[in-house]
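Visitor: Below is the structure, and that's it, no one-letter string:
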């Protein structure tokens, strides 16, 4: 059985195996959801609300981002106009990350879904209670370790 963690019980700041990392400013294609729904990501199904950003990475990987989080952390790349579908770039952001040595499931906050990671994937903590699972190959292309 794969252990399941709740985001509020995870704190990579207290985990000696966690590492500092930074999200690279890679370009992503973005559409804004016209209505609520569920997006099948590599790591699991994630629910989103109307207006949330639906991102597609260079490897075809897809994930939703809550609108307020998206607006605070992404910038449009010309000719895209802020708030419209188009190409955006993540602003650099420091995070904590831990490579998984065993499979793990993580319940997302607000009942949005469950993410599953396998050996070699990464658990990424953006802030207390705000975590994600990122596939190992995607992490290698989109994050850089700081230590």
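Guide: Ah, there it is. These numbers come from a predicted model, not from an experiment.
Visitor: check contacts around the residue located most distally from the centre of the chain.
Guide: For the chain, the C-alpha farthest from the mean C-alpha position belongs to residue 79; by C-alpha atoms, centre = their mean, that distance is 24.9 Å. The contact partners of residue 79, taken as C-beta atoms under 8 Å, 6 or more residues apart in numbering, are residue 86. C-betas here are computed from N, CA, C, even on glycine.
Visitor: Tell me the confidence at it?
Guide: According to the model's per-residue confidence, residue 79 sits at a pLDDT of 98.
Visitor: Tell me if I am right that it is in a helix.
Guide: No: following the definition DSSP: H, G, I helix; E, B strand; the rest coil, residue 79 is coil and is not counted among the residues of a helix.
Visitor: quick one: residue 113 from residue 81, how far?
Guide: Going from residue 113 to residue 81 by C-beta to C-beta, to the nearest Å gives 30 Å.
Visitor: Of these two, which one has the most company?
Guide: Between residue 113 and residue 81, counting by other C-beta atoms under 10 Å, residue 113 is the more crowded of the two (19 against 9).
Visitor: any idea how far residue 39 is from residue 69?
Guide: The value you get for residue 39 to residue 69, if C-beta to C-beta is used, is 15 Å.
Visitor: SS state for residue 69?
Guide: For residue 69, the reduced secondary structure class is helix; criterion used: three-state DSSP.
Visitor: what's the neighbour count on it?
Guide: Residues lying near residue 69 (other C-beta under 10 Å) number 15.
Visitor: for this protein, what are the low-confidence residue spans?
Guide: 1-8 (pLDDT under 70).
Visitor: the helices in the chain, which residues?
Guide: Secondary structure of the chain by DSSP state H: the helices cover 67-73, 136-142.
Visitor: mind listing what residue 58 touches?
Guide: Under the criterion of C-beta under 8 Å, 6+ apart, the contact partners of residue 58 comprise 26-28, 141.
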